[in-house]
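*Asks:* need a structure here:
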Amino acid sequence: MATHFDPGAAASPDSGIFGLPHSPDEAHVVLVPVPFEATTSYGGGTSEGPSAVLNASRQVDLFDVETGRPYERGIAMLPESEDLRAWNTRAKERAQLVIEAGGVHADQPELRAAANEVNALSEKMNDYVYRTTQHWLDQGKRVGSIGGDHSISYGSIQAHAEKYPGLGVLHLDAHADLRNAYEGFTWSHASIMYNVVQRLPGVKSLVQVAVRDMSEEENQVIELSNGRIRSYFDSTLQQRQFDGMPWNRLVDELVAHLPQQVYLSFDIDGLDPVLCPHTGTPVPGGLSFPQATALIAGVVRSGRTIVGFDLTEVAPDPDGGEWDGNVGARLLYKMIGWMLKSQRA
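*Replies:* Now for the predicted structure:
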């Protein structure tokens, strides 16, 4: 880190993530921005999530009461890929035809052709995220991805599951994301965890928190998983707190289902939508910011190690407000801080 860097000074507009001066080679934590939201079927804007988080991050104070000085290890965000931007533009255009038609229909081959092109572009995105994550993991870095919609997580989880076979995924989300090829899109944001459990044997377990919107078919996937998927539904968590159960005891219970090495996959809409009003598919309920950070802290308190993460579905206010980016940046800093603290433990 540059010797002249003052962590208490105001960040310059052209500085790196959190106003830091690190290059990816210098940093211990490397962040991969993934501006991709091809299959978003309700609200949009998450392709601008990485830049919104970057801009808002420069307002975050670098000393954290809970985790200390995460910035000292070095944190850097890679530049956005122009290829990803181009793939996203084309895929969104083609996906819209399918979405407006209500999905792929057997008697409309043009819709199948559009969905196939979206799937192919999504596979390119997956491969980019996978190869980029794998590269930096091989350099001894800790890697996090920033979306974009939740579909961007697959390549990151794949790379981490290969490096840390037997890891568990802690999944914060309003949605179960266990649909099979939703609307004809194999790599839909609504299918991310279905693809993870079906395609990645290196993932030992999936623990879902704050789910409050899902289909009957998704519930069957959970029930037939033989305990590999454990979903802590928002209604159940809330009711148990109403009955007097402290949040940290609930956290201890759900963390107990995770193996030693843990990957965090956090969709911002797992939070109360007051904290993320412009996310694509907001659902009433969810966790408060302190509950979410206490959830991460509980992983570390248990002695487990956080090996990587993704943060997705941050969508900035189209009118220019920074609230969504602000919350996303602060949750990101907590995720990084607790990840580093878990390694020291």
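*Asks:* OK, contacts around Val300?
*Replies:* Ile306, Trp338, Lys341, Ser342, Ala345 (CB atoms under 8 Å, 6 or more residues apart in numbering). C-beta here means a position set from N, CA and C on the backbone, and glycine is covered the same way.
*Asks:* which residue ranges of the protein form strands?
*Replies:* Remark: strands assigned in the chain by DSSP state E are 29-34, 75-77, 142-147, 167-172, 203-211, 229-233, 261-267, 305-312.
*Asks:* mean confidence for the second one?
*Replies:* pLDDT averaged over strand 75-77 equals 98, rounded to a whole number.
*Asks:* okay, helices next: where are they in the protein?
*Replies:* 49-57, 82-100, 109-138, 153-163, 192-199, 216-223, 234-242, 247-255, 289-301, 323-344 (DSSP state H).
*Asks:* about what we covered before: ok, of the contacts of Val300, which come out buried?
*Replies:* Among these, those classed as buried by neighbour count (16 or more other CB atoms under 10 Å) are Ile306, Trp338, Lys341, Ser342.
*Asks:* related to what we said a few turns ago, save the helices of the chain as JSON lines, and put in distance to Gln208 and mean pLDDT too.
*Replies:* Formatted as JSON lines, the helices of the chain follow (distance: least, CB to CB, whole Å; pLDDT from 0 to 100):
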{"stretch": "helix 49-57", "distance to Gln208": "21", "mean pLDDT": "97"}
{"stretch": "helix 82-100", "distance to Gln208": "25", "mean pLDDT": "95"}
{"stretch": "helix 109-138", "distance to Gln208": "21", "mean pLDDT": "96"}
{"stretch": "helix 153-163", "distance to Gln208": "13", "mean pLDDT": "98"}
{"stretch": "helix 192-199", "distance to Gln208": "7", "mean pLDDT": "98"}
{"stretch": "helix 216-223", "distance to Gln208": "8", "mean pLDDT": "98"}
{"stretch": "helix 234-242", "distance to Gln208": "10", "mean pLDDT": "98"}
{"stretch": "helix 247-255", "distance to Gln208": "9", "mean pLDDT": "98"}
{"stretch": "helix 289-301", "distance to Gln208": "12", "mean pLDDT": "98"}
{"stretch": "helix 323-344", "distance to Gln208": "17", "mean pLDDT": "96"}
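*Asks:* those helices: which one's closest to Tyr263?
*Replies:* For Tyr263, the closest of these is helix 153-163, at 5.2 Å, according to CB to CB.
*Asks:* for the residue nearest to the spatial centre of the chain, which residues are in contact?
*Replies:* Residue closest to the mean C-alpha point of the chain, counted by CA atoms, centre = their mean, is Leu311 at 2.9 Å. Leu311 is in contact with Val53, Gly144, Ser145, Ile146, Gly147, Phe266, Ile268, Gly328, Leu331, Leu332, Met335, counting by CB under 8 Å, 6+ apart.
*Asks:* ditto for Thr279
*Replies:* Gly43, Thr46, Ile268, Asp269, Pro273, Glu313, Val314, Ala315, Asp324.
*Asks:* ok, now Asp213?
*Replies:* Contacts of Asp213 (CB under 8 Å, 6+ apart): Ala174, His175, Ala176, Thr281, Val283.
*Asks:* how close does the second one get to Gly308?
*Replies:* To tie it back to what came earlier, the one meant is His175. 21 Å (CB to CB, to the nearest Å).
*Asks:* on that earlier part again, in JSON lines, list the contacts of Thr279 along with distance to Gly102.
*Replies:* As requested, the contacts of Thr279 are arranged in JSON lines below (distance: CB to CB, whole Å):
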{"residue": "Gly43", "distance to Gly102": "18"}
{"residue": "Thr46", "distance to Gly102": "22"}
{"residue": "Ile268", "distance to Gly102": "27"}
{"residue": "Asp269", "distance to Gly102": "23"}
{"residue": "Pro273", "distance to Gly102": "26"}
{"residue": "Glu313", "distance to Gly102": "23"}
{"residue": "Val314", "distance to Gly102": "28"}
{"residue": "Ala315", "distance to Gly102": "23"}
{"residue": "Asp324", "distance to Gly102": "29"}
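*Asks:* which two from those residues end up farthest apart in space?
*Replies:* The widest separation within the contacts of Thr279 (CB to CB) is 14.4 Å, between Thr46 and Pro273.
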